[in-house]
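Enquirer: Sequence and computational prediction follow.
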Amino acid sequence: MIKLQSIILPSTKDCTEERMYFRKNDKVKYSLADDCITIKKNGILGFDTYFNAFFADSWFCYTNVKNVRVRLQIKGEVRVALFLHEKTADGINEKCVYESYYNSEVDGDYFDAAFDTLVIGMYSVRILCVNGRAEFISGFYYTDDNIYASDSKKEEVIDIIKVAAGATDLTFDNAADGSVEVYEYREDGGTGKQYTLGATASATQYVFDEKKKLTLPTDTDATAYLIMLRREVATGALVENSAKKFPKTVAMYTVALYGDPCAEERKRVIIECPSVQPAPDTSFDLQSDSTFEFKGDLLTSYCGNGNGTLYRLHFTNEVAEDDED
């Protein structure tokens with residue numbers, strides 16, 4: 001299961017305007033304090049709104065998602081209907097693609113169903129209370145598809161890892177052939193000398209054998225190394241932005257962390273900018289332990305190679321260690 005989009009409720013942090021989140025009749029009441037929605041008999045609650053509709057057009061166009069499901073946490077007896085909304089010349093056409101009765105005391109803690117259609121458009125959920133009183137607590141849209149890579153082809157994502165000098169047992173089973181590079185790490189966040197691949201480790205060479213085991217250089221001046229490689233993964237993600245008709249200059253790679261702000265776990269993402277033009281007048285600042293500033297413009301290649309990529313985000317799906325910077 002891969003969660004695609006949560007059904008969210010009003011909050012003082014973001015927006016308290018209910019109509020941005022749901023539609024309802026006079027038998028439905030939302031409690032900001034309890035963060036739940038109460039539905040009396042014949043009350044109707046709909047999520048065909050800006051925040052909570054699922055825009056299938058974008059997911060089907062830009063990702064490998066082919067199937068969408070919804071899971072709802074509801075208490076009480078309700079009828080749940082799944083809708084497809086299509087834009088036509090005459091306006092918005094609304095079609096119910098699935099409808100089912102659900103009783104939380106009989107059917108379990110969650111209502112779960114599929115939008116059994118591949119038609120592009122907007123998906124939404126509508127809930128009717130059929131008896132007594134019901135509560136909507138939470139919900140989300142999800143897929144069981146592998147949205148990162150097909151079964152027959154793995155994606156390649158860039159990874160950059162910092163290791164201490166003298167580290168051993170470094171094996172990278174999913175490293176793409178010929179992709180491993182080793183650099184000296186500097187405390188200002190930059191890179192020093194680049195080492196070459198060799199048959200034996202030395203002050204200037206590293207070894208990456210047929211078993212994909214890495215032996216670091218024996219450079220006595222280095223306190224740490226940066227390992228850059230391309231991983232063949234089926235559970236990572238590659239986000240790419242592209243443009244055309246701009247010149248190329250230099251490539252830049254940045255290591256960042258991402259994760260749920262409510263969870264302690266953080267994972268690494270590598271920001272790859274294949275073509276950057278250093279410039280004093282625009283763009284972005286980078287900060288490390290030793291603060292420094294770098295400015296430049298993201299450009300596309302003028303050499304005719306590539307597809308106009310401006311940047312890529314390589315999600316390695318690996319948890320960041322405590323000693324990583």
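Expert: Perfect, thanks for sending it.
Enquirer: Can you check what pLDDT the model gives V125?
Expert: For V125, the pLDDT comes out at 94.
Enquirer: Kindly report the same for K3.
Expert: For K3, the predicted pLDDT is 88.
Enquirer: which stretches of the stretch 1-150 of the chain form helices?
Expert: Under the criterion DSSP state H, counting those that start in this stretch, helices of the stretch 1-150 of the chain are mapped to 56-62, 104-107.
Enquirer: Apart from its chain neighbours, what residue comes closest to I2?
Expert: Spatial nearest neighbour of I2, chain neighbours left out: T143 (5.5 Å); criterion: C-beta to C-beta, 6 or more residues apart in numbering. Placement of C-beta: from N, CA and C, glycine included.
Enquirer: V68 too?
Expert: Counting by C-beta to C-beta, 6+ apart, V68 lies nearest to F115, which is 4.7 Å off, once chain neighbours are set aside.
Enquirer: give the contact list for that neighbour.
Expert: F115 sits next to 54, 56, 67-70, 82, 84, 97-98, 123 when contact means C-beta atoms under 8 Å, 6 or more residues apart in numbering.
Enquirer: now it: how far from D177?
Expert: 41 Å (C-beta to C-beta, to the nearest Å).
Enquirer: after the worst-scoring helix or strand of the chain on mean pLDDT comes which helix or strand?
Expert: None of the helices or strands of the chain scores lower by mean pLDDT, DSSP states H and E than strand 237-242, at a mean of 66. Next helix or strand after strand 237-242 toward the C-terminus (DSSP states H and E): strand 250-258.
Enquirer: need the contact list for Y225.
Expert: 162-163, 165, 167, 182-185, 195, 216-217.
Enquirer: Columns neighbour count on top of those residues, output as CSV?
Expert: Compiled in CSV, those are given as follows (neighbours: other C-beta atoms under 10 Å):
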residue, neighbour count
K162, 15
V163, 19
A165, 16
A167, 14
V182, 26
Y183, 17
E184, 19
Y185, 21
Y195, 21
L216, 22
P217, 21
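Enquirer: In strands, which of these appear?
Expert: 162-163, 182-185, 195 (DSSP state E).
Enquirer: residues contacting V68?
Expert: Contacts of V68 (C-beta under 8 Å, 6+ apart): 4, 54, 56, 59, 114-115, 123, 141-143.
Enquirer: how many neighbours does R186 have?
Expert: A count of nearby residues for R186, using other C-beta atoms under 10 Å, gives 16.
Enquirer: same check, this time on L257
Expert: So L257, with other C-beta under 10 Å, has 11 neighbours.
Enquirer: any idea of the pLDDT on it?
Expert: Reported pLDDT at L257 in the predicted model: 77.
Enquirer: what's the answer for V250, then?
Expert: pLDDT recorded at V250 is 68.
Enquirer: Over to G76?
Expert: So G76 comes in at 92 (pLDDT).
Enquirer: Tell me if I'm right that it and G132 touch.
Expert: Yes. Using C-beta atoms under 8 Å, G76 makes contact with G132 at a distance of 6.4 Å.
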